[in-house]
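show me how the following folds:
(2 chains)
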2 protein chains.
Amino acid sequence: MKPTIVTGAMAGLLLMSSAALAQSNTKPLAGFTEKASQTQLQNEARFDQLISADNIGKTIYEFSARPHHIGSAAGKAVAGKVAARFKEYGFTVNIETFQVLFPTPKVRELELTYPTKYKAVLKELAVKEDPSSSQEGQLPTYNAWGADGDVNGELVFVNYGLPSDYEQLEKLGIDVNGKIVIAKYGRSWRGIKPKIAQEHGAIGCIIYSDPKDDGYYQGEVYPKGAFKNEYGVQRGSVMDMVVYPGDPLTPNIASTENAPRLERSKAANLLKIPVLPISYHDAKPLLEALGGPVAPEDWRGALPITYHVGPGSAKVHLHVECEWKQTPCYDVIATMQGEAYPDEWVIRGNHHDAWVNGAADPVSGLAALLEEAKAIGQLVKQGWKPQRTLVYCAWDGEEPGLMGSTEWVEAHADELEQKAVIYINTDGNGRGFLQAGGSHALEPLMDDIAKAVIDPQTKVSVYERRKANDIIKASTLIARKDALAKRSLSLSALGSGSDYTSFLQHVGVPSLNLEFGGEDDGGEYHSIYDSYSNYVRFKDSGFLYGAALAQTAGRVALRMANAEILPFNFRTLYTTVNGYVTDLMSQVEQMREATNVENQILRGRAYKLAADPKTLSIAPKPKEELPYMDFSPLQNAMQDFDKVTRLAGDSLSRFLLTTNDHGPINKLLFQAEQQLMNPKGLPSRPWFKHTLYAPGFYTGYGVKTMPGIREAIEQRKWNQAQEQINLAADAIRQLADHLYLLAKLAG
Amino acid sequence: MKPTIVTGAMAGLLLMSSAALAQSNTKPLAGFTEKASQTQLQNEARFDQLISADNIGKTIYEFSARPHHIGSAAGKAVAGKVAARFKEYGFTVNIETFQVLFPTPKVRELELTYPTKYKAVLKELAVKEDPSSSQEGQLPTYNAWGADGDVNGELVFVNYGLPSDYEQLEKLGIDVNGKIVIAKYGRSWRGIKPKIAQEHGAIGCIIYSDPKDDGYYQGEVYPKGAFKNEYGVQRGSVMDMVVYPGDPLTPNIASTENAPRLERSKAANLLKIPVLPISYHDAKPLLEALGGPVAPEDWRGALPITYHVGPGSAKVHLHVECEWKQTPCYDVIATMQGEAYPDEWVIRGNHHDAWVNGAADPVSGLAALLEEAKAIGQLVKQGWKPQRTLVYCAWDGEEPGLMGSTEWVEAHADELEQKAVIYINTDGNGRGFLQAGGSHALEPLMDDIAKAVIDPQTKVSVYERRKANDIIKASTLIARKDALAKRSLSLSALGSGSDYTSFLQHVGVPSLNLEFGGEDDGGEYHSIYDSYSNYVRFKDSGFLYGAALAQTAGRVALRMANAEILPFNFRTLYTTVNGYVTDLMSQVEQMREATNVENQILRGRAYKLAADPKTLSIAPKPKEELPYMDFSPLQNAMQDFDKVTRLAGDSLSRFLLTTNDHGPINKLLFQAEQQLMNPKGLPSRPWFKHTLYAPGFYTGYGVKTMPGIREAIEQRKWNQAQEQINLAADAIRQLADHLYLLAKLAG
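Sure thing, here's the model as predicted:
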């Protein structure tokens, strides 16, 4: 497909910039000899030129044309079209099909039954400005994996439904046991809200989007602006993914047709209570009917009412039933075999299923991925060869619970341990600033690439634009100075919420997650308004950031595919982990002090004396004082890690220049992350094995670094914290030993 | 009047508690010999018993029965009744009458003229649950002292109308010149909003109460709850009181009938633009009509709209005209002559005029003051004698601009310099926690008294309850530890907003301002809903805090009236001022660093690179680097102040025990605060002469400590800052010299 003039001009600019960078940058690329480095930079510049923003726009238009959730005919058709594209580009394609459980709603009812009657609409309205909003085949508004249930109960407003919100409820003397809760979307992953409600004895959970977080308070509502209108509803999974993602009936194994399956009632990641997401139009009468204390100030939203907590004055009836069906899950796997190291896989993925039309989520990311595949195909046709095998993947069933990627990883776990060099994930895209998370040994590589890709709006590197934003957004003087002084990109640590989870946290494949955003706010997420029409108006209008994403993610793939020595940097990893350890130790001391001060206050009468006798408020209970924990095993392991990472870098540099067969070294390099896996997994969720990164048990998507230790501390489980310190120390020592072997081998 | 059983029982409790305190406290009261101390404590306990909460309630009922603003017949009647009460209690009473300018509205019109039409209601609605809300004689909703004007213009929303809001507008490229602004009530004194708008060229100013700050967002609205309903409007003065308060035509002199007067156009504290306060019912259509950028997140309120800044899409017509009349201002001055020192005056005051019925503001404070006068009268009838003269005052015209107190102070300035020992102010009262501000040499006295008065809800001292609240409300661990460790009351520094201003800041009379509050939130302030009915439902239902206020303020009066040596503590003042100096010096260093960092950012391109090209945003201009200032004059003066306050305390203690005639020492003691007055006053507002305390030029009520220096620094006027450092140093050295004289005299 011929690039348009604009795109061509842009590609030209990028080519010059890359070339200029290459010339000015006399140091060769990390992992490349000087000569190979020059070739690589030229190939990357050619790759940039082959990326067409227009073409990405056309792909978004095509793949978001119809609602295409997992199990739908349109979803199957999308998988087929993706496969056809890959084939056209010269890849070998295989559609791997799994059979996964997937619930779709049969009954959805919500009524206010007392003191007045109100029957919830439970429907997003089509708007004439957005043609696809009126299409057939849309999944209704629901939360997949909520239990079937028909419950009546008093309503309680629980803010965002976080653990701290329930602490606040306790102070107000309010118990949700036997009640139905209503929580706001936001601040935690949605699945955490009904989980915590259920832990507290609630019999049902309603989740709504408050206009303060996602509606008129933020800006004009759809279709005038991008924000949620009063009927908009966020669909989404409430599977307890932090226990394990994927098919709930087949944890740890692939859900092939004949795989042994759990009974549904035995699946540890499924809720026992019904859940329903609603609009703020439907939430208003419910919240307005609540009595009880006025909600604490930071609980209040932007509806024109006085927010109360309840219970007692409002009763609701909630009825949800689903069809629970085995559903085919189509993963499209495309490979371009590596010339030198066919058994070293550079894996790149984005899902193809959507909750509805999904122009932004996932199609904008998928379109960038397909554009990369197209460019790679063209490079190959022009004679370029990947040295390692490129595996381009389009996952099905990500929305209900990372199904496609999880089942595929579980199916290929042993092979991945032997072959997977890296997994590069995207999951949609927008306009703005580079957001990059991942394995910290990849941080210098990502820094290098962020400094090579050009921001389409400002023509500086995406690194430089991101840094400018970090400086301007820094809220304190210290933060501004830090942001000014920074000279390289930081990767954020990965929690969950997209397909990297199984790769990184179950198997230990070094992973990256990439997107652009920050100038594309809106309320279309998981709604019928996530459409092409919405995307071109409010997201990435000219698809220029789609091109930038393809250039970024594709460049990682090309660099990792052809590096002579894989550009992992374990010194960076050491520095990052050292920060985590310091942070954990100081957090323990802060908790110790806070506990002592709080207990001192409780021994006095301050709570009682300060309380307003006209309102009920219950003083917190005294907390157990913190024991002193032994961090020395971790500190000693870190000392070894420190030493060996000082050594290894030099050895590898020498090795690159003196040796030709880098195979054994490279395998040790990409398998290093696996040394951080604890085979027993995390406490009460053995599927998650990484000792550095996991989604938080009570945050969901939000990461917990060194999760075993951190969550034990947060949950005040001191024996478990000590065990987890020891386990993390073992993992780090295992990595240090592994790197020592590597340094020795490199000489 | 016979106390009820409840009140009698409470008084009994208080008596026991005071007695118990006196017994356990073997140290005599500060300023009293041991014997005098015992007598004093007994008299204070008797005083407590004479305070009747019920009687306070009846006084509130009586004096809030009708709207009684300055100039109204009902206002004159209230002054007469107050005078009659004082006479009945045995005081000598004089009504001093001044003639002050006071504008009342003839025309009030506000219309949205484009893009749709809306005519503002501009009227609070009577509610049947509150009988006085429908009375005749209410002043309409307006802001006294706004200019007459009939203007048409585009509307701009300016948040709270603070200087920082205009900086934000500049970044958005929005100029209010020639436009009409709409600002929210809150965050600054209301008069600051039109003043800053006028400085920026605005031609009119509308002020409204957003439901987020004062409406349904905070709690149930009136009459169901205490918060502002959609028609509620806050009246109030927008005189530029931080230039000078009182009659605008007679600055520095008393506005007696024949006093020379300025022309109105020459009065430096009067605005040139019209101003009108409105309800959120009236604000909604105006704000809804605004276009332009979406308001920054922290500007948005709780109306169910997307807040925009404007201008361009909404036009309004604002027309205000007032009758500007010379109006009699009736100050009721009641004296009970001192036996030993008739020419040493202990002054106690609260205003009697209200915007409408004013049950909370001012009557709840006035009722406590009258109850004190009643109890003092009874003590005198029983044979007790004040050693110094007690001067009990009820001021008129506080609401429009501290008229009554200012004119009285200006009339008696020379006499006050010779005779005024202390001024004790109140201005209404509520339920909750003691709030005490004032001259820091009075801090230990106030601490002592706060530990003697019993909180009616918890039966601990009002000090202990306040401390409990400070501990519980502390938001950081450090703040909690500090609050826990505190062993004495801190006085806040006084800005303005009530009748202490002239005493403290114009003449240098040591002052206190006292009230209870924090458990009595509501939206009745300056509205027709500030009624007796509202007060008993939502403020201080049983008037028990009215009694506590009388016991607190009355105890200060009794203690100061009969102390052998006046209990000023200049060591405490030294410590406080030393904190201010340290704070100012570190603030300069922080500004220096912030300026350097900001300029460094501006030399780079971060603002440009981070900006969203789809929205207009203008980078701030570079700021001049800070010169280094010479703080040494101030530091040297503080060194002398340090030394002399170490000396003086011991001398005074010896003097108390060895000498009988304390007269000359006491005069030096109460005149010490006058040493801190700079006769030239503050830059561009010479009326304000105190070098330690002033209302902020751009905050209004909010205090600026060491205002000359602090505001010059904040406004980046470096030469002025240096001059003010030198002037403050002179004032502190003058105080140190004065105290040295005192120490020498005391031996």
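
does chain B sit close to stretch A:623-640?
No. Shown here: stretch A:623-640 not in contact with chain B (CB under 8 Å from any CB of the partner chain), separated by at least 14.1 Å. Every residue, glycine included, has its C-beta placed from N, CA and C.

quick check: end-to-end length of that stretch?
Counting by CA to CA, to the nearest Å, the length from the leading to the trailing residue of stretch A:623-640 is 36 Å.

can you pull the buried residues of it?
The neighbour-count criterion (16 or more other CB atoms under 10 Å in any protein chain shown) identifies A:626, A:629, A:631, A:633, A:634, A:637, A:638, A:640 as the buried residues of stretch A:623-640.

and the residues you listed, which is closest to chain B?
Using CB to the nearest CB, the shortest approach to chain B within the buried residues of stretch A:623-640 belongs to residue A:626, at 14.2 Å.

quick check: the closest one is in a helix.
No. With the criterion set as DSSP: H, G, I helix; E, B strand; the rest coil, the secondary structure at residue A:626 is coil rather than a helix.

that one against residue A:588, yeah?
Yes. Distance between residue A:626 and residue A:588: 6.6 Å, which falls inside the contact criterion (CB atoms under 8 Å).

reformat the buried residues of stretch A:623-640 as CSV; add secondary structure, pLDDT and distance to residue B:58.
Output for these, formatted as CSV (DSSP: H, G, I helix; E, B strand; the rest coil; pLDDT from 0 to 100; distance: CB to CB, whole Å):
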residue, secondary structure, pLDDT, distance to residue B:58
A:626, coil, 96, 56
A:629, coil, 96, 64
A:631, coil, 98, 68
A:633, helix, 98, 74
A:634, helix, 98, 71
A:637, helix, 98, 77
A:638, helix, 98, 74
A:640, helix, 97, 81
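
so where is the stretch 1-150 of chain A shaky, pLDDT-wise?
Flagging of the stretch 1-150 of chain A using pLDDT under 70 yields the residue ranges A:1-26.

now the helices: where do they sit in it?
Across the stretch 1-150 of chain A, reading from the start of the chain, the helices by DSSP state H, counting those that start in this stretch fall at A:5-24, A:34-50, A:53-63, A:73-88.

tilt between the last one and helix A:53-63?
It refers to helix A:73-88. With axes from the mean of the first three to the mean of the last three CA atoms, to 10 degrees applied, the angle from helix A:73-88 to helix A:53-63 works out at 140 degrees.

roughly how far is helix A:73-88 from the heart of the chain?
When C-alpha coordinates are averaged (CA atoms, centre = their mean, to the nearest Å), helix A:73-88 and its chain have centres 25 Å apart.

burial of the closest residue to residue A:607 other than its chain neighbours, as a residue count?
Of all residues not flanking residue A:607 in the chain, residue A:619 sits nearest, at 3.6 Å (CB to CB, 6 or more residues apart in numbering or on different chains). Residue A:619 is flanked by 15 other residues according to other CB atoms under 10 Å in any protein chain shown.

any idea of the mean pLDDT for the top helix by length along chain A?
When chain A is scanned for its longest helix (criterion: DSSP state H), the result is helix A:570-603. Looking at helix A:570-603 alone, the average pLDDT works out to 97.

quick one: is it near chain B?
Yes. Contact between helix A:570-603 and chain B, assessed by CB under 8 Å from any CB, occurs at A:590, A:593, A:594, A:597, A:600, A:601.

pull the contacting residues for the first one.
To tie it back to what came earlier, the one meant is residue A:590. residue B:477 (CB atoms under 8 Å, 6 or more residues apart in numbering or on different chains).

disregarding residues adjacent in the polypeptide, which is nearest to the residue in the stretch 201-350 of chain A positioned nearest to chain B?
The stretch 201-350 of chain A approaches chain B most closely through residue A:304 (4.3 Å), counting by CB to the nearest CB. Of all residues beyond its chain neighbours, the one nearest residue A:304 is residue B:304 (4.3 Å), with distances taken as CB to CB, 6+ apart.

now do the SS call for the one you found.
Using three-state DSSP, the secondary structure recorded for residue B:304 is coil.

list the residues that contact it.
The contact partners of residue B:304, taken as CB under 8 Å, 6+ apart, are A:211, A:216, A:302, A:303, A:304.

relative to residue A:162, how far out is residue A:200?
Going from residue A:200 to residue A:162 by CB to CB, to the nearest Å gives 12 Å.

now residue A:393
Distance from residue A:393 to residue A:162, by CB to CB: 34 Å.

show me which of those two is the more surrounded one.
When residue A:393 and residue A:162 are compared on other CB under 10 Å, the one with more neighbours turns out to be residue A:393, at 25 against 19.

about what we covered before: so the residue nearest to residue A:607 sits against residue A:605, correct?
No. In this structure, residue A:619 sits apart from residue A:605 without contact. The criterion is CB under 8 Å, and the distance is 9.3 Å.

quick check: closest non-adjacent residue to residue A:472.
In space, residue A:472 is closest to residue B:610, 4.3 Å off (CB to CB, 6+ apart).

and the one you found, what's its pLDDT?
pLDDT, read off for residue B:610, is 96.

in chain A, which residue is most central in space?
Among the residues of chain A, residue A:497 comes closest to the average C-alpha position under CA atoms, centre = their mean, at 3.5 Å.

wasn't it part of a strand?
No. Under three-state DSSP, residue A:497 sits outside any strand and is assigned coil.

for it, phi and psi?
The phi and psi values for residue A:497, taken as degrees, to the nearest 10, are phi 110, psi 0.

list the contacts for it?
For residue A:497, counting by CB under 8 Å, 6+ apart, the contacting residues are A:189, A:427, A:695, A:700, A:701.

who wins on neighbours among these?
Ranked by neighbour count (other CB under 10 Å), the contacts of residue A:497 have residue A:695 at the top, with 26 neighbours.

for it, give me its contacts.
When contacts are counted by CB under 8 Å, 6+ apart, residue A:695 is found next to A:189, A:241-242, A:495-497, A:501, A:505, A:688, A:701-704.

burial count for residue A:104?
A total of 18 residues lie near residue A:104 under the criterion other CB under 10 Å.

try residue A:257
For residue A:257, the tally of surrounding residues (other CB under 10 Å) stands at 9.

so how far is residue A:470 from the nearest residue to it once chain neighbours are set aside?
Setting aside the residues directly before and after it, residue A:257 is nearest to residue A:99 in space (CB to CB, 6+ apart), at 5.1 Å. In this structure, residue A:99 and residue A:470 are 45 Å apart, going by CB to CB.

residue A:131 now?
Looking at residue A:131 against residue A:470, where the rule is CB to CB, the gap reads 39 Å.

before we move on, what about residue A:172?
With the distance defined as CB to CB, residue A:172 ends up 39 Å from residue A:470.

between the two, which one's more packed in?
When residue A:172 and residue A:470 are compared for neighbours, residue A:470 comes out ahead with 19 against 16, by other CB under 10 Å.

check which helix or strand that one maps to.
Here residue A:470, judged by DSSP states H and E, is contained in helix A:462-473.

what pLDDT does the model give the residue nearest to residue A:304?
The predicted local confidence for residue B:304 comes out at a pLDDT of 98.

over to residue A:686?
Residue-level confidence at residue A:686 comes out at 98, pLDDT.

need the contact list for the residue lying closest to it once chain neighbours are set aside.
By the measure of CB to CB, 6+ apart, the closest residue to residue A:686 outside its immediate chain neighbours is residue A:680, 6.2 Å from it. For residue A:680, the contacting residues are A:686, A:689, A:727, by CB under 8 Å, 6+ apart.
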